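any chance you could fold what I've pasted below:
(one chain, ligands or ions: 1)
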Amino acid sequence: MTIPLPIALVNARPVGIAELAASAVARAPAPDRHGSFPVEAIAALRGAGLLVAPLPEALGGAGLCTPGGADRLRDVLRGIGRGNLAVGRIYEGHVNALALVLRYGSDPVRARFAADARAGHLFGVWNTEPAEPGGLALGTEADPAVLTGAKSYASGAGHVTRPLVTARLPDGRRQMLVVPLDPEARAELADWRAHGMRASATGTVDFSGLRVEPLDRIGAPDDYYRQPFFAAGAWRFLAVQCGGIEAVLEAHRGHLTATGRGGDPHQRARLGQAATAAETARLFVEHAARLATTEPVEGDRAVAYVALARGAVERAGLDAIELAQRSVGLSGFLEAHPLERLVRDLATYLRQPAPDGALVSAAAYVAGADAPVHALWHDPEPT
Ligand SMILES: Cc1cc2nc3c(=O)[nH]c(=O)nc-3n(C[C@H](O)[C@H](O)[C@H](O)COP(=O)(O)OP(=O)(O)OC[C@H]3O[C@@H](n4cnc5c(N)ncnc54)[C@H](O)[C@@H]3O)c2cc1C
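Residues are numbered from 1 along each chain as shown. Next up, the predicted model:
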């Protein structure tokens, strides 16, 4: 298969790469059709070096997945999300997969998949699966290296050529694997008739019959679920969602300006509330990213804060949607209005796993922590 080589990182300056990512997506049209995929936007990110950027500099990247790159990664994810949430979802999966390879892969495995990223391959993380026995399993009685079963809700199906998957072992633990796929191979998108995020090509992929090589394995069984990285890593999709909230606010404000209705006190009040929601999301994401990436990561504390941030960002997104729809009115529900797709995409992408469980576990942390409430998430200023 031929994948165009990425040009070198055009601009890896600390302040430049997020703008580069945002503008690459903003310039590339993204489709809004069932089962579609933002081919041009991903090509733009590839061309700008963003598919390589998560790698450390020693492997040809810009170090976005290193602790020192966390601020830039946050801004890149937020900028791409602002441009298009489907592209943001795809890119976040790419980053997550490379982060897992870098964290848990052996040196030859890291070198192998870094080379694939440099060659332009798109990665993703496909963990969700249909109810058993349909889920992905590694090893049959006849052959311990053969896969059976499928992954569901797999974004970029048919376009992600290096999916990182979790496969159930005979003892019940889960092994991470990166399974090389050809474009379009094994992707079933017929069921992705979604309210929003239509361009994320989120489908089902059946791996049955594929053989796994030793260098396809990433880390030890159940490494995928190791804390705090598993739960705290949610800060990345929050950054993408934050961009989506800002896009909704932008369309809200733009409508009021264009229609000359912005001076009305009721409209002003709603716009103010929506701006508060967007800023709340931004502040939560910023601190969540900091707690989740500052080494050494204080595990329980970071996980609990990220869980709170999940609830705060979800609430901010729902508020931003409601306020924009009430301010714009019926025209915001017409396909020709920019708000229409932005709201569908955000409402869909706000659905993430087990939100109730995240809130309850964060509350349990608050209830049991020794620190006074004012110091739960913020260290005292050094004197
Ligand atoms: C656009 C998009 C792309 C995606 N792409 C990928 C991908 O590439 N790879 C991938 O692995 N996944 C992907 N997913 C799936 C994602 O990781 C989650 O699995 C999915 O978003 C979960 O949403 P849900 O609303 O079904 O969550 P649920 O966890 O089912 O939550 C629904 C509700 O049920 C509650 N609930 C949860 N568990 C229980 C329980 N045991 N008992 C009672 N109530 C419960 C929750 O609190 C919530 O109120 C994608 C999702 C979206 C939206």
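
tell me where the model's unsure across the stretch 251-383 of the chain.
Within the stretch 251-383 of the chain, the ranges that satisfy pLDDT under 70 run 383.

what residues does it put near the ligand?
Within the stretch 251-383 of the chain, the residues that sit near the ligand (C-beta under 6 Å from any ligand atom) are 348-349, 351-357. From N, CA and C alone the C-beta is placed, and that goes for glycine too.

just the ones in helices from the residues you listed, please.
Mapping these onto helices (DSSP state H) picks out 348-349, 355-357.

the ligand: which of these is nearest?
Nearest to the ligand among these is D356, at 3.3 Å by C-beta to the nearest ligand atom.

measure D370 to the ligand for me?
Per C-beta to the nearest ligand atom, to the nearest Å, D370 is found 28 Å from the ligand.

where along the protein do the helices fall?
Counting by DSSP H, the helices of the chain are 16-27, 39-47, 70-83, 85-104, 107-118, 229-232, 235-259, 265-293, 299-328, 338-349, 355-368.

pull the longest strand from this protein.
For the chain, the strand with the greatest residue count under DSSP state E is strand 162-168.

now that strand against helix 107-118, angle please.
Counting by axes from the mean of the first three to the mean of the last three C-alpha atoms, to 10 degrees, strand 162-168 lies at 140 degrees to helix 107-118.

whichever of the residues of the stretch 251-383 of the chain next to the ligand end up buried, select them in ChimeraX.
The buried residues among these can be selected in ChimeraX (16 or more other C-beta atoms under 10 Å) with this line:
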select :348,349
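
would JSON lines of the residues of the stretch 251-383 of the chain next to the ligand with distance to R270 be doable?
Output for those, formatted as JSON lines (distance: C-beta to C-beta, whole Å):
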{"residue": "T348", "distance to R270": "23"}
{"residue": "Y349", "distance to R270": "22"}
{"residue": "R351", "distance to R270": "24"}
{"residue": "Q352", "distance to R270": "26"}
{"residue": "P353", "distance to R270": "31"}
{"residue": "A354", "distance to R270": "31"}
{"residue": "P355", "distance to R270": "25"}
{"residue": "D356", "distance to R270": "28"}
{"residue": "G357", "distance to R270": "32"}
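
which of the residues of the stretch 251-383 of the chain next to the ligand sits closest to A167?
The closest of those to A167 turns out to be P353 (C-beta to C-beta; 18.8 Å).

circling back to that earlier point, and the residues of the stretch 251-383 of the chain next to the ligand, which two are the farthest apart?
Pairwise over those, using C-beta to C-beta, the maximum falls at T348 and G357, 20.3 Å.

show me where pLDDT drops low in the stretch 101-250 of the chain?
Low-confidence segments of the stretch 101-250 of the chain (pLDDT under 70): 132-133.

would you mind listing what in it touches the ligand?
Residues of the stretch 101-250 of the chain found near the ligand, taking C-beta under 6 Å from any ligand atom as the criterion, are 124-128, 153-155, 197, 200, 202.
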